[in-house]
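Asker: Give the three-dimensional model of this entry:
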Amino acid sequence: MKQSFTEKVILGIVFVIFTAYAISLVFPFAWALINSFKTSVEFFNIDNVWKIPSKWMVSNYVNVLSEYEIGKMFLRSIYVTVAGTGLAVMMSATTAYVVSKYEFKLRNLIYITAVTVMVIPTVGSLSATFKLVNNLGLYNNLWLFPIIYAGGFGFGFLLLYAYFKGISWTYAEAAFVDGATDFDVFFKIMIPQAKPALVALGIIQGINVWNDFFAPFMFIPEKKTLAVGLQDLVNIMQYRAEWPKMFAAMIISALPIIIVFVIFQKTIMENTVAGGLKG
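Answerer: Down below sits the predicted model:
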C-alpha cells in the first residue's frame with residue numbers, strides 16, 4: 001500500500017529519533033572502549049580524549065584482572081547470575097503454571113500475594129530479610145543468592161501466569177487421554193509453547209541479577225560481585241588517577257550481556273515474533 005506524504009514524514013521523524021537514541025546508547029560504550037586502551041597520561045591529555053590510542057594498552061585489562069581481583073568478581077557474578085536466573089525462571093514457571101491451570105483453594109491467595117509483594121518496597125522488608133539471613137547462617141555466603149533471586153512471586157510470576165492462561169488446555173486434555181502425566185504436560189507441552197515468555201523473562205532477570213548492586217552489597221560484602229567491585233574501583237581511581245583501567249573493568253562487566261545478546265539475537269527475535277503470532 002502506497003504511503004501518504006504525512007505517513008512518510010512521521011516515519012522519517014520516528015526513524016531519526018530511534019537512530020539518535022541508539023547512538024546515545026552506543027556512544028558511551030565506544031568512548032569507554034577506546035579510552036580503556038590508553039595510558040593514564042594520554043587519557044588526561046585533553047587533546048587526546050577523543051582520539052584513537054597511539055599505543056593500544058592491552059595490559060590495562062591484564063592488570064585490572066590481577067591487581068583488583070576483577071577476575072574473581074567476574075566468576076562470582078557469573079555464578080550468581082546463572083544460578084539465580086535459572087532458579088528464578090523455573091520457580092516462576094512452575095508457580096504460574098499451577099496457579100493458572102489448576103483449581104485449588106489457595107490459588108487466589110497466591111495470586112494476591114504475588115501482586116502484593118511487587119508493591120512492597122525492598123527497603124520496607126530489609127530489616128526482616130537481614131535478620132532471617134543471619135539466623136539461617138547465610139550472611140556472606142554465596143549460596144544465599146540463588147535462593148534470593150529464585151522466588152516464584154513478582155514480575156516473573158505475573159508474566160508467565162498471563163502467558164499460561166492464554167494457552168489452550170485442549171492440548172493437555174488430549175495428552176492426558178493418551179496417558180501423559182502432569183509433569184509430561186508441563187515439560188513437553190506447556191514449556192515449549194511458553195518459550196517466548198521464558199526467553200524474555202530469562203534475559204530480563206539475567207540483566208537485573210548481573211547489574212544488581214544492593215543485594216550483594218548488603219549480604220555478601222566480603223565476597224564482592226562485579227557490580228559492587230566496580231563501585232569500589234571508582235573510589236580507588238579517584239586517588240590513583242588510573243581511569244583507563246576503570247574503563248577496562250567496565251568493558252569486562254558489560255561484555256557478558258553483549259555476548260549473550262549477540263549469540264541469542266536470532267532466537268530472541270524468532271521467539272518475539274512467535275509470541276506475537278500465538279493464538
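Asker: going forward, measure contacts and count neighbours with C-alpha atoms only.
Answerer: Fine.
Asker: So for the residue nearest the centre of the chain, what's the nearest residue that isn't a sequence neighbour?
Answerer: By C-alpha atoms, centre = their mean, the chain has its centre lying nearest to residue 207, at 1.5 Å. Excluding the flanking residues, the one nearest residue 207 by C-alpha to C-alpha, 6 or more residues apart in numbering is residue 257, at 7.0 Å.
Asker: check which helix or strand covers the residue nearest to the centre of the chain.
Answerer: Assigned by DSSP states H and E, residue 207 belongs to helix 195-211.
Asker: What are the buried residues along that helix?
Answerer: 195-203, 205-206, 209-211 (16 or more other C-alpha atoms under 10 Å).
Asker: now stretch 20-32
Answerer: Residues of stretch 20-32 classed as buried by neighbour count (16+ other C-alpha under 10 Å): residue 32.
Asker: Keeping just the C-alphas, turn that stretch into CSV.
Answerer: Extracted C-alpha coordinates of stretch 20-32, given in CSV (Å, rounded to 0.1, in the frame of the first residue of the first chain):
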residue,chain,number,x,y,z
ALA,A,20,19.6,9.2,17.9
TYR,A,21,18.6,7.1,20.8
ALA,A,22,20.6,4.1,19.5
ILE,A,23,23.7,6.4,19.1
SER,A,24,23.2,7.7,22.6
LEU,A,25,23.4,4.1,23.9
VAL,A,26,26.4,3.0,21.8
PHE,A,27,28.5,6.2,22.1
PRO,A,28,29.4,6.0,25.8
PHE,A,29,30.4,2.3,25.4
ALA,A,30,32.5,3.1,22.3
TRP,A,31,34.1,6.0,24.1
ALA,A,32,34.9,3.9,27.2
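Asker: What mean pLDDT does that stretch get?
Answerer: Over the span of stretch 20-32, the pLDDT mean works out to 89.
Asker: For it, give me every contacting residue.
Answerer: Here stretch 20-32 makes contact (C-alpha atoms under 8 Å, 6 or more residues apart in numbering) with 50, 247, 248, 250, 251.
Asker: what do you get if the cut-off is 10 Å, keeping everything else the same?
Answerer: Identification of contacts with stretch 20-32 by C-alpha atoms under 10 Å, 6 or more residues apart in numbering yields 14-19, 33-36, 49-52, 243-244, 246-251, 254.
Asker: Kindly report the same for stretch 180-190.
Answerer: Contacting residues not belonging to stretch 180-190 are listed as 93-94, 97-98, 163-164, 167-169, 171-176, 191-193 [C-alpha under 10 Å, 6+ apart].
Asker: Buried subset of the residues you listed, written for PyMOL?
Answerer: Of the contacts of stretch 180-190, the buried ones go into a single PyMOL selection, burial set by 16+ other C-alpha under 10 Å:
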select buried, resi 93+94+97+163+164+167+172+175+191+193
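Asker: for the helix or strand that the helix holding residue 207 is followed by, which positions count as buried?
Answerer: Later in the chain than helix 195-211, the nearest helix or strand by DSSP H and E is helix 214-219. The neighbour-count check on helix 214-219 (16+ other C-alpha under 10 Å) flags 215, 216, 217, 219 as buried.
Asker: Can you show me the strands along the stretch 51-200 of the chain?
Answerer: Using DSSP state E, counting those that start in this stretch, the stretch 51-200 of the chain contains no strands.
Asker: where does it have low pLDDT?
Answerer: For the stretch 51-200 of the chain, the stretches with pLDDT under 70 are 151-153.
Asker: host element of the residue nearest to residue 207?
Answerer: Applying DSSP H and E as the criterion places residue 257 in helix 243-277.
Asker: what do you get for residue 20?
Answerer: helix 5-35.
Asker: Check which helices and strands the next helix or strand after that helix sits against.
Answerer: Note on helix 5-35: by DSSP H and E, the next helix or strand toward the C-terminus is helix 40-44. Judged by 3 or more C-alpha pairs under 10 Å, 6 or more residues apart in numbering; DSSP states H and E, helix 40-44 is in contact with helix 5-35, helix 243-277.
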